[in-house]
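Visitor: Dropping a prediction and its sequence here:
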Amino acid sequence: MTRIMMILQLLLVVALVLTMAGHKWHWWGFGVLSTAMAAELVAILLLGLTSLGLLLWIGYRKLRRLIRQGPRRTSATQGSDHGRGRGRRRRRSSLPANPTRVPQLAVIVGVTVLLIVVGLSMVGSGLDKPLIHDVTTDIEDVPQYRAALVARSIRENSLEYEGAKIARLQVSHYPDVVPLVTTVDVSTTYATVEALVAERGWEVLRSDPAAGELEAVVETELMGFRDDVIIRVRPEVMAEAPDRAEAPDMAEAPGMAEVPGMAEAPNEAAGEAAGEDSAAIAGAEAEVVAEAGAETVEDADAIKMAPPEPRAATGSRVDMRSVSRVGNGDLGANAARIEAFMADLSAALEPQLVSRQEVPGGG
């Protein structure tokens, strides 16, 4: 009986592995995978519980037998009371009928526990994740798929964004899924995106450098689930602070300096020189006011002393969206994929000045 149970468990484990491999190799779809895996896992669990029950029953019977027999007597005492042959039969009857039964049951229970631990370790980290399968860095202006619409079948998840229904869940559970804003120009950023996608081995469905959009398919290693990603690179106008220079002194403005030779002018010509100086100063003030676009000398002075306006620089903003083709939830896979890609992209664009935007979907 126990040998049959061991063989049955081995067959179930092999069937479980083949079920996952068949989905990865595209022998069958997600429906067959989910149904078969559920049935196999339930059968393995029931077999393990049955084996555990048998082990407990055997242990109980053995303990009960030992309690009933009491302290073990010597063979001499047993021979004097009941005869030597009868003592042998009693000792022989206390042994289990099948000595390999307990080890076989223990192996079945051990394999069952191992499968449970492995399964929980695979999905345990995603049990607290929201039941969504569409994650994007821009929840207001969501990147739109084109090639993936053709690649997907009608039985797979829709690519239509569900809006506020999933946006709230994403922001609350995945606050680090945000755009990447960089001072690097669009063409360089897009080329870096293409290089990272190729490095990961993703299947590119569409690459449009003019539009700054790239679509690709990502296949998971173990189960072979296929998810669609789109990466969008757009120009981003950024404020670049200029070098601060000392503001010109109004006393050094053209025409505002002291008229050369005025101090050496003769006393008798002081009146005439003063009149000429006043006319020169007035003309210089008018010229300064006109150049500054002000109405008075005081306004021109304020304009001159004000810090210069920042210059506009054009960088780039990278948004990314990842959508699972099957399943209502993704156990956090899409968000983890986006965060990892953005981190690698940020590192690849170094030593350029790179900053992460804080609010998801911000414009």
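Guide: Sure thing, it's come through. Numbers count the residues shown, from 1 in each chain.
Visitor: The closest residue to residue 146 other than its chain neighbours and residue 55: what is the separation?
Guide: Nearest-residue entry for residue 146: residue 206, 6.2 Å, with adjacent residues in sequence omitted and distances by Cβ to Cβ, 6 or more residues apart in numbering. (C-beta placed from N, C-alpha, C; glycine too.) Distance from residue 206 to residue 55, counting by Cβ to Cβ, to the nearest Å: 58 Å.
Visitor: what does residue 199 give?
Guide: 51 Å.
Visitor: who has more neighbours, the two?
Guide: residue 55 (17 against 10; other Cβ atoms under 10 Å).
Visitor: which other helices and strands contact the strand or helix carrying the more buried one?
Guide: Assigned by DSSP states H and E, residue 55 belongs to helix 30-69. Applying 3 or more Cβ pairs under 8 Å, 6 or more residues apart in numbering; DSSP states H and E, we find helix 30-69 packed against helix 2-24, helix 101-123.
Visitor: picking up where we left off before, sec struct for the residue nearest to residue 146, please.
Guide: Classification of residue 206 by DSSP: H, G, I helix; E, B strand; the rest coil places it in strand.
Visitor: Double-check it against residue 147; I have them as touching.
Guide: Yes. Under the criterion of Cβ atoms under 8 Å, residue 206 makes contact with residue 147 at 3.9 Å.
Visitor: Can you check which residues contact both of the two?
Guide: Overlap of the contact sets of residue 206 and residue 147 (by Cβ atoms under 8 Å, 6 or more residues apart in numbering) consists of residue 215.
Visitor: Name the residue in those two with the higher neighbour count.
Guide: Neighbours of residue 206 and residue 147, each counted by other Cβ under 10 Å, are more numerous for residue 147; the result is 19 against 16.
Visitor: What are the neighbouring residues in contact with that one?
Guide: By Cβ under 8 Å, 6+ apart, the contact list for residue 147 reads 205, 206, 215.
Visitor: TSV for those, including distance to residue 339?
Guide: Converted to TSV, the contacts of residue 147 look like this (distance: Cβ to Cβ, whole Å):
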residue	distance to residue 339
205	22
206	23
215	19
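Visitor: now, among those, which is nearest to residue 131?
Guide: The shortest gap between residue 131 and any of the contacts of residue 147 belongs to residue 215, at 25.0 Å (Cβ to Cβ).
Visitor: ok, the residue nearest to residue 52 when sequence neighbours are not counted to residue 64 distance?
Guide: Nearest residue to residue 52, sequence neighbours excluded (Cβ to Cβ, 6+ apart): residue 109, at 5.0 Å. The gap separating residue 109 from residue 64 is 21 Å, by Cβ to Cβ.
Visitor: And these two? Which one has more around it.
Guide: The residue with more neighbours, out of residue 109 and residue 64, is residue 109; 20 against 10, by other Cβ under 10 Å.
Visitor: quick one: the more buried one from residue 103, how far?
Guide: Taking Cβ to Cβ, one finds residue 109 at 11 Å from residue 103.
Visitor: Taking their axis directions, the helix holding residue 55 and helix 2-24 sit at what angle?
Guide: Here helix 30-69 runs at an angle of 160 degrees relative to helix 2-24 (axes from the mean of the first three to the mean of the last three Cα atoms, to 10 degrees).
Visitor: what stretches of the stretch 251-363 of the chain score poorly on pLDDT?
Guide: Within the stretch 251-363 of the chain, the ranges that satisfy pLDDT under 70 run 251-313, 351-363.
Visitor: and the nearest residue to residue 136 once chain neighbours are set aside, what element?
Guide: Counting by Cβ to Cβ, 6+ apart, residue 321 is the residue found nearest to residue 136 once chain neighbours are left out, at 3.9 Å. Counting by DSSP H and E, the element that carries residue 321 is strand 311-324.
Visitor: quick one: strands adjacent to that strand?
Guide: strand 134-136 (antiparallel), strand 180-182 (antiparallel), strand 226-240 (antiparallel) (DSSP bridges).
Visitor: Please put the alpha-carbon coordinates of stretch 196-204 into CSV.
Guide: Coordinates of each C-alpha in stretch 196-204 appear next as CSV, following Å, rounded to 0.1, in the frame of the first residue of the first chain:
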residue,chain,number,x,y,z
LEU,A,196,18.6,47.7,-22.2
VAL,A,197,15.7,45.9,-23.9
ALA,A,198,18.1,44.0,-26.1
GLU,A,199,20.2,43.1,-23.1
ARG,A,200,17.2,41.6,-21.3
GLY,A,201,16.3,39.5,-24.3
TRP,A,202,12.8,40.9,-24.7
GLU,A,203,10.9,40.3,-27.9
VAL,A,204,10.5,43.7,-29.6
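Visitor: what's next to that stretch, contact-wise?
Guide: Residues contacting stretch 196-204 (Cβ under 8 Å, 6+ apart): 214, 215, 216, 217, 218, 219, 229, 231, 341, 344, 345, 348.
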